[in-house]
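In: Let me see the structure of the following:
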Amino acid sequence: MTRPIRKIMVYVDGSEQSITAAQYAIVLAKALGAELYALYVVDTRALAELVKSRIFLESEQDEYRRDLDGDASRYLNHVRELARRKGVPVSTEKTSGAVHIEIKSKVAELGVDLLVLGEISQIRSRRDELYNETERAMRNAQCPVLVAKGEDKIWDLYEALE
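Out: All right, here's what the predicted structure looks like:
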């Protein structure tokens, strides 16, 4: 039998839940001997909505975009460091667009066998429900999806890796 999971991708958005998901993806990649990919998507759809609703002026959009690009680099570097500490190679990529569409596209492009996502945040309103990108990614993914829950247990598993 061939290995069912050869490529794992974790979606990182900077939330604590996504960092926990990254730790679990590192644990799984090491245990399974799988390739690990980490993806950060700069949500340009949300940015356009902020301009459209006049929360930002168009002139502020470029500055905010640069801030988001900086955040993406920081979080991907953090995941790279978490993986390095445990001897797990990771390929990181930053892209931009609608989050769920970019995730679906990257899963197909890389031939990902397992998508790891952070725990889905509490839905507080109908709008949150419509725009929860992690949930949309989970529903639209063309591969098995694992939602990493249990922060303490995952931390213990990550720390126990040699």
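In: Only C-alpha atoms from now on, for both contacts and neighbour counts.
Out: Noted.
In: May I see the buried residues of the longest helix along the chain?
Out: The helix that spans the most residues within the chain, counting by DSSP state H, is helix 58-85. Buried residues in helix 58-85, counted by 16 or more other CA atoms under 10 Å: 61, 68, 69, 71, 72, 75, 76, 79, 80, 82, 83.
In: Which neighbouring elements make contact with it?
Out: For helix 58-85, the elements it packs on are helix 16-32, strand 35-43, helix 44-52, strand 90-97, judged by 3 or more CA pairs under 8 Å, 6 or more residues apart in numbering; DSSP states H and E.
In: Run the angle between that helix and strand 35-43 for me.
Out: Angle, helix 58-85 to strand 35-43, by axes from the mean of the first three to the mean of the last three CA atoms, to 10 degrees: 160 degrees.
In: Residue 162: neighbour count?
Out: For residue 162, the count of nearby residues is 8 (other CA atoms under 10 Å).
In: Check residue 132 too.
Out: 16.
In: distance of it from residue 21?
Out: 17 Å (CA to CA, to the nearest Å).
In: per-residue confidence at the residue lying closest to residue 33 once chain neighbours are set aside?
Out: In space, residue 33 comes closest to residue 6 once its chain neighbours are excluded; the distance is 7.3 Å by CA to CA, 6 or more residues apart in numbering. Predicted confidence (pLDDT) at residue 6: the value is 97.
In: Number the residues from 23 up from this point.
Out: Taking 23 as the first residue, the last one we looked at is residue 28.
In: neighbours around residue 28, how many?
Out: 16.
In: correct me, but it touches residue 52?
Out: No: counting by CA atoms under 8 Å, residue 28 stays clear of residue 52, with 11.0 Å between them.
In: what angle do the longest helix of the chain and helix 38-54 make?
Out: 30 degrees.
In: Relative to the whole chain's centre, how far out is helix 80-107?
Out: Distance of helix 80-107 from the chain centroid (CA atoms, centre = their mean, to the nearest Å) equals 12 Å.
In: can you check stretch 172-184 too?
Out: Put simply, stretch 172-184 sits 18 Å off its chain's centre (CA atoms, centre = their mean).
In: Quick check: buried residues in that stretch?
Out: Applying 16+ other CA under 10 Å to stretch 172-184 flags 173, 176, 180 as buried.
In: where's the residue most central in space within the chain relative to residue 155, distance?
Out: Centroid check for the chain by CA atoms, centre = their mean gives residue 33 as the closest residue, at 1.4 Å. Using CA to CA, residue 33 is found at 11 Å from residue 155.
In: For the residue nearest to residue 113 when sequence neighbours are not counted, the count of nearby residues, please.
Out: By the measure of CA to CA, 6+ apart, the closest residue to residue 113 outside its immediate chain neighbours is residue 59, 4.8 Å from it. The tally of other residues near residue 59 (other CA under 10 Å) stands at 26.
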